[in-house]
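*Asks:* just the structure for this:
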Amino acid sequence: MGSFQFRAPPQIIVEDGACERLGERLATRGLRHALVVTDPFLAGCGLIDAAVAGLAGQGVAATVFDGVEPDPPEASVQAGVDVAGRAGVDVVIGFGGGSAMDTAKLVALLGASGETLAEVYGVDQSRGPRLPLVQIPTTAGTGSEATPISIITTPDGQKTGVVSDWLYPDLAILDATLTLGLPPRATAMTGVDAMVHAVEAYTSRLKKNAISDALAVRALGLLSANIRRVVEEGSDLVARRAMLEGSLLAGMAFANAPVAAVHALAYPLGGLFHVPHGLSNALVFAEVADFNLAEASQSYADLAVSLPDDLTERCHNGDGFVTAIRRLVSGLPMEQRLGDVGVRPEDLDRLSDDAMKITRLLVNNPRDMTRADARAIYAAVL
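*Replies:* Model (predicted):
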């Protein structure tokens, strides 16, 4: 592995009910006006109310921007930046799933740096600075609260990333009570997303390291042991907390050892067919794992030990790992085939072309992938 660097958010709080005490933490930092970045559903269902009330109780004003959209388009990010500027906020809070947290990152950055999205796309393109940033996930999936990455959808439907250390939050709060109301399908999709993060971090070709490996193994153990429980019994707070912690650890892992071909093939499904990101990953997860088996067999054997015995049938080798992933994903309440989400045979070429453009992820894959390989994987799950 040689030399490496490892980065993570400077402060992480794992505590049930912690979002209600956020006002105290901001007030002690001298912050007085927060922009809460969330989506219309979370704003409308009242999930943000306790956090907003906690801010008010400490004299911290709150402006709510609830214009977050799935697979955030450029326009919704800019709308958030505009609201932040008009309100004169001095801190940004991302509250929700990956889309809300990704949007919050860029609102905090662009709201202070004065840069445009076009200027910061890519790796380490931003000059900074940014506004103080807090991230509060309401799903156990993206791990965005622990990463320096924001994924945005361009007007032509491409998923484009901003990668910058400026996007690490100052504070991440994991409050498992916020995840109790997540429906089974969404719980399953986001949970598999987190599992993919752990697996791809562990098998990443270029930047895997001792810390990311340890986090990925622990994350996969927590996630695989609890995902079926939270799908079947969503009110189990202990299992929900374990999922949230697993998602965080997987996020910390892949922030330093980047994801690969599963994500590269998933992004076009989101951009072109508006398939939720976790589901996009789940649809191609097992097939990509099978494709990678020739180069990742030992890594998969290492990971198989972390999976429940009923999934691996105590077959702790590469083949057993791939079989376990197939068994797990097929048993979860979500779409299982590309045809279920509107993909047709004539769409496979466009999907394959778009996947091959995501070279920043494909270079991390343990096995080289050609366009023909990508098309064969899509065809196998059509």
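*Asks:* from here on, just use CA atoms for contacts and neighbour counts.
*Replies:* OK.
*Asks:* how about stretch 64-83: buried residues?
*Replies:* 64-73, 75-78, 80-81, 83 (16 or more other C-alpha atoms under 10 Å).
*Asks:* among these, which lie within strands?
*Replies:* 64-65 (DSSP state E).
*Asks:* doesn't Gly161 belong to a helix?
*Replies:* No: read with DSSP: H, G, I helix; E, B strand; the rest coil, Gly161 is strand and lies in no helix.
*Asks:* identify the bridge partners of it.
*Replies:* For Gly161, the beta-bridge partners under DSSP bridges are Ile151.
*Asks:* how is this structure partitioned into domains?
*Replies:* Domain assignment for the chain by automatic domain parsing gives 12-178, 181-380.
*Asks:* how about these, which one is nearest Ser3?
*Replies:* The closest of the domains of the chain to Ser3 is domain 181-380. By C-alpha to C-alpha, the value is 8.5 Å.
*Asks:* one step back: of all the domains of the chain, which one is nearest Gly2?
*Replies:* So among the domains of the chain, domain 181-380 is nearest, using C-alpha to C-alpha, at 8.2 Å.
*Asks:* end to end, how far does the closest one reach?
*Replies:* From its first residue to its last, domain 181-380 covers 34 Å (C-alpha to C-alpha, to the nearest Å).
*Asks:* for Phe4, find the nearest of the domains of the chain.
*Replies:* domain 181-380 (6.9 Å).
*Asks:* and that closest one, how far out from the chain's middle?
*Replies:* On the basis of C-alpha atoms, centre = their mean, to the nearest Å, domain 181-380 sits 11 Å off its chain's mean C-alpha point.
*Asks:* which strands and helices sit next to the helix or strand containing Ala216?
*Replies:* Per DSSP states H and E, Ala216 falls inside helix 210-232. Applying 3 or more C-alpha pairs under 8 Å, 6 or more residues apart in numbering; DSSP states H and E, one finds that helix 210-232 contacts helix 184-203, helix 237-256.
*Asks:* of all the ones you listed, which lies closest to Gln336?
*Replies:* Of the helices and strands packed on helix 210-232, nearest to Gln336 by C-alpha to C-alpha is helix 184-203, at 11.1 Å.
*Asks:* thinking again about what came up before, out of the buried residues of stretch 64-83, which sit inside helices?
*Replies:* Residues of these located in helices (DSSP state H): 75-78, 80-81, 83.
*Asks:* quick one: closest of the helices and strands packed on helix 210-232 to Asp319.
*Replies:* Within the helices and strands packed on helix 210-232, the stretch nearest Asp319 is helix 184-203; the backing value is 14.6 Å (C-alpha to C-alpha).
*Asks:* now the angle from that closest one to helix 237-256?
*Replies:* Helix 184-203 and helix 237-256 are oriented at 40 degrees to each other (axes from the mean of the first three to the mean of the last three C-alpha atoms, to 10 degrees).
*Asks:* could you say what helices and strands helix 184-203 packs with?
*Replies:* Helix 184-203 is packed against helix 210-232, helix 237-256, helix 277-304, with contacts defined by 3+ C-alpha pairs under 8 Å, 6+ apart.
*Asks:* now that helix: average pLDDT?
*Replies:* Average pLDDT, helix 184-203: 97.
*Asks:* residues of it that come out buried?
*Replies:* 184, 186-203.
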